[in-house]
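Asker: Pasted the sequence and its predicted model underneath.
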Amino acid sequence: MNAQPLTPPGESLTARQQSIVTISACTAKGNLLRLHHALAAGLDAGLTVNEAKEVLVQLYAYCGFPRSLQGINTLMKVLEERKAQGRHDVVGREASPITSTAPKYERGKQNLEALTKRPEASPQTGANAFSPEIDVFLKEHLFADIFERDVFSFQDRELATIAALVSLGGVEPMLQAHFGMGMNTGLTEPQLRQLLALTETNGGLKEAEAGRTMLANVLDANKK
């Protein structure tokens, strides 16, 4: 598994992290005008071209190909405009090749367990038992193929995922789980509250309020 560096705990998100959140919220909502501005601001805040692209690649697993492809097309337009203005954005590093010979399912399972800090149920229960195909797709593709791409850390990916899930709305159980995963990567309560404030601006008040309820549930559970 590729190394996944963590950002030191803090009281607020960096400008780069705020850009990841805003790009994710706008992508999930399909607001291309806001996304255009968010992508440009993200590049100005220190995101490389490959990092901005990675947000959009990550989100296809959560928002679907239509939102992701619209986002990628928007990024291409932003880069063309900036190039015409004489601005040369840093492309950044590509994802390292995966050299592990371990089965992809097992790698994805280990990554998921690292995020949740608990072992996966065996035998499977709930939706994963009802639809084993989904369990395989989640483990092999999402948590192996995508999460192992070291253009982003696990923490970066959780920022993007949480912002997208908040903005989508109606997926509270998954959002609650990812709040927990985000905290397990080192994200703090103040940082997550700042994330919710950013998604309120870019994803909607109702969605952000539902997110605040889910975050409160996670924080209460952690106190017990």
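Answerer: Nice, thanks for sending it over.

Asker: Tell me which helix or strand in the chain has the weakest average pLDDT.
Answerer: Here the helix or strand of the chain ranked lowest by mean pLDDT, DSSP states H and E is helix 126-130, holding a mean of 92.

Asker: how about that one: buried residues?
Answerer: Going by neighbour count (16 or more other C-beta atoms under 10 Å), the buried part of helix 126-130 is N128. Heads up, the C-betas are built off the backbone N, CA and C, glycines and all.

Asker: repeat for stretch 203-218
Answerer: Judged by neighbour count (16+ other C-beta under 10 Å), stretch 203-218 contains these buried residues: G203, G204, E207, A208, A210, G211, R212, M214, L215, V218.

Asker: circling back: hey, C-alpha coordinates of the least confident helix or strand of the chain in CSV?
Answerer: C-alpha atoms of helix 126-130 as CSV (Å, rounded to 0.1, in the frame of the first residue of the first chain):
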residue,chain,number,x,y,z
GLY,A,126,-26.5,-5.8,5.4
ALA,A,127,-26.2,-4.5,1.8
ASN,A,128,-22.8,-6.2,1.3
ALA,A,129,-24.4,-9.6,2.1
PHE,A,130,-27.5,-8.8,0.0
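
Asker: After that helix, heading C-terminal, what element do we hit next?
Answerer: helix 132-136 (DSSP states H and E).

Asker: for that next one, what is the average pLDDT?
Answerer: On average, the pLDDT along helix 132-136 is 95.

Asker: For it, name the packing helices and strands.
Answerer: With contacts taken as 3 or more C-beta pairs under 8 Å, 6 or more residues apart in numbering; DSSP states H and E, helix 132-136 sits against helix 126-130.

Asker: and the helix it packs on, what does it pack onto?
Answerer: The contact analysis (3+ C-beta pairs under 8 Å, 6+ apart) places helix 126-130 against helix 132-136.

Asker: Now the element after the helix it packs on, going C-ward?
Answerer: Note on helix 132-136: by DSSP H and E, the next helix or strand toward the C-terminus is helix 154-168.

Asker: list the buried ones in that next one?
Answerer: Using 16+ other C-beta under 10 Å as the burial criterion, the residues of helix 154-168 that qualify are 154-168.

Asker: Give the closest residue to L168 in space, chain neighbours not counted.
Answerer: Excluding its sequence neighbours, the residue lying closest to L168 (C-beta to C-beta, 6 or more residues apart in numbering) is A28, at 5.1 Å.

Asker: where does this structure have low pLDDT?
Answerer: 1-9 (pLDDT under 70).

Asker: how about a cut-off of 80?
Answerer: 1-10, 224 (pLDDT under 80).

Asker: what are the ranges of the helices in it?
Answerer: Using DSSP state H, the helices of the chain run over 15-29, 32-44, 49-63, 65-84, 104-116, 126-130, 132-136, 154-168, 172-184, 189-203, 205-223.

Asker: can you give me how far the longest one is from the chain middle?
Answerer: Yep, that's helix 65-84 we're talking about. 18 Å (C-alpha atoms, centre = their mean, to the nearest Å).
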